[in-house]
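> here you go, sequence then predicted model.
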Amino acid sequence: MPDTPLDHFQLEDTRVTRRYFDKFERITGHLARVAANMEVEGRLSKREVEVLARYLTALTFTFRALAHKYQFSGRFAHAGKLTFDRVESGFPVATELMTMANDAAQADRHLAGMRTEEQLKDEMVRVILRDREIPTKLQYALSQRLYYEELARGELFWARNDPQAIWLGDDADRRRFLIHWAVYDSQINLPTIYLMELEDSGRVGLPKDDRRWPEVQAHLMAQALAHLKLLTIARGFDKDFDDLHPKRLRRFHVGPMYSHAFTRQAGPLREVLELAKAPEGEDWALVWTEEELVSDRVEREKSGWFGSVERQVFALDPFAGQGADTGATRMERSIILPQRPYQALEDRNPPGFRDVRKFVVSPAGRVLSYR
């Protein structure tokens, strides 16, 4: 998307910036509970929930780091301003995470040249008592130190989160693996998580194979694009790796985030949030989309003069040709939202939302699931 004022917006006020990050801290704090709810419903296994929780926790750490970085936007000349996509995703633009990755590579050097947190706080007290003024520059310096400390700890959600493999067990002469990876998609400015279950008929287990594993990682990252259908990704993988057999591929889109105070999306959800008139901190709704592609059967395909290879035939959504359109066996959208917006959604009952699953966050933080 073009970087224009209509699409991307800079937060220039300190209070507004902090409210934005406070909102995301609440939202990301609920996502692990949503994943746990899916496990209870049998839609995710315990292992899958653990993988998703790892990425969602990393996303929380990423937003925490950005909150430190921009804590003094509008109050200090060099504090910078967060740019976010207010029309499509509601999330920070992908360049924010790319810049953060560059900063992370130099975090240790920055920290080595900074005073410690204790030294900065002691100096703040002296400035307040001696000069009777707000130590803005020192506060800004502390926020930057906290930013680089967060980066140095690692375990953040980066623009690229390379594939990792989890062994699931052996089935006859094949090993089974769960491969997971994630990106912050630069086209839609949203975190996107991928899970692939595959069978490995190679001689050496995939993660220990120094020939295939780097190729697999590079292949999957090159295909981690929101506009590519799961069918395209899975078929390409199946064709390029004769001894790796993808049996199930899923993609989770975390977002868009809707907020009457911050975003400018069109459609029913924006109208619902306007109608709800929810108090600060409860003025939001987050869309969670899961796509799934499953292998239906196996066919043999001729390879070379005398050989043949196994190819997957994937099941597509049987309803009115939608599978061919979506390139998936199944796609399900969910909405995560607080009680007040949920009640407004039920009252308004806009078309198209009846079959959307709603995860409703209570004031006490419990997550309840409704159809």
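Arrived safely.
> from D209, how far out is the most far-flung residue of the chain relative to its centre?
The C-alpha centroid of the chain is most remote from R130, which lies 46.4 Å away (CA atoms, centre = their mean). Relative to D209, R130 is positioned 64 Å away (CB to CB, to the nearest Å). All C-beta atoms are positioned from the backbone trio N, CA, C, and that covers glycine.
> same deal with E123?
As judged by CB to CB, E123 and D209 stand 54 Å apart.
> show me where this protein has strands.
Here the chain has its strands, by DSSP state E, at 8-11, 82-85, 160-171, 174-185, 190-200, 244-258, 285-303, 307-315, 330-338, 357-361, 367-370.
> number of residues surrounding W213?
16 (other CB atoms under 10 Å).
> now swap in the one 5 residues further on and tell me
A total of 12 residues lie near A218 under the criterion other CB under 10 Å.
> before we move on, back to that, and the pLDDT at the residue farthest from the centre of the chain?
Note on R130: pLDDT of 86.
> same check on Q164?
At Q164, pLDDT is 97.
> also D3?
D3 carries a pLDDT value of 47.
> repeat that for R75.
79.
> which ones are touching it?
Contact analysis of R75 by CB atoms under 8 Å, 6 or more residues apart in numbering lists T14, T136, Y140.
> most neighbours among those residues, please name it.
Y140 (18 neighbours).
> right, and that one touches S73 too?
No - using CB atoms under 8 Å, Y140 makes no contact with S73, being 10.1 Å away.
> hey, which helix or strand in this protein has the poorest pLDDT?
Least confident helix or strand of the chain, by mean pLDDT, DSSP states H and E, is helix 322-326 with a mean of 61.
> and the closest residue to D173 other than its chain neighbours, how far is that from E310?
Spatial nearest neighbour of D173, excluding adjacent residues (CB to CB, 6 or more residues apart in numbering): S201 at 6.9 Å. Look at S201 and E310: by CB to CB, they are 8 Å apart.
> M124 too?
66 Å.
> and H8, by the same measure?
46 Å.
> neighbour count for those two, which is higher?
H8 (19 against 16).
> list the contacts of that one.
The contact partners of H8, by CB under 8 Å, 6+ apart, come to T83, F84, D85, R86, V93.
> could you report the pLDDT at L316?
L316 is given a pLDDT of 86.
> ok, how many other residues are close to V93?
21.
> residue boundaries of the helices in the stretch 101-250 of the chain?
Here the stretch 101-250 of the chain has its helices, by DSSP state H, counting those that start in this stretch, at 107-112, 117-131, 136-153, 212-222, 230-240.
> give me the mean pLDDT for the last one.
The average pLDDT for helix 230-240 rounds to 95.
> hmm, who's touching it?
Applying CB under 8 Å, 6+ apart, the set of residues contacting helix 230-240 from outside is 196, 219-220, 223, 244-246, 249-251, 291-293, 311-312, 314, 316, 327-328.
> ditto for the third one
Outside of helix 136-153, the residues within contact range by CB under 8 Å, 6+ apart are 61, 64-65, 68-69, 71-72, 75-76, 78-79, 100, 103-104, 107-108, 110-111, 114-117, 120-121, 123-124, 127, 156.
> cool, and the shortest one?
When contacts are defined by CB under 8 Å, 6+ apart, helix 107-112 is touched by residues D103, Q144, R145, Y148, E149, L151, A152.
> and the biggest helix by length in the chain with strand 244-258, angle?
Assignment by DSSP state H gives helix 14-40 as the longest helix of the chain. For helix 14-40 against strand 244-258, the angle by axes from the mean of the first three to the mean of the last three CA atoms, to 10 degrees is 140 degrees.
> from here on, call the first residue 31.
Done: numbering now begins at 31, and the last item shifts to helix 44-70.
> packing partners of helix 44-70?
Applying 3 or more CB pairs under 8 Å, 6 or more residues apart in numbering; DSSP states H and E, one finds that helix 44-70 contacts helix 76-99, strand 112-115, strand 274-288, strand 315-333, strand 360-368, strand 387-391, strand 397-400.
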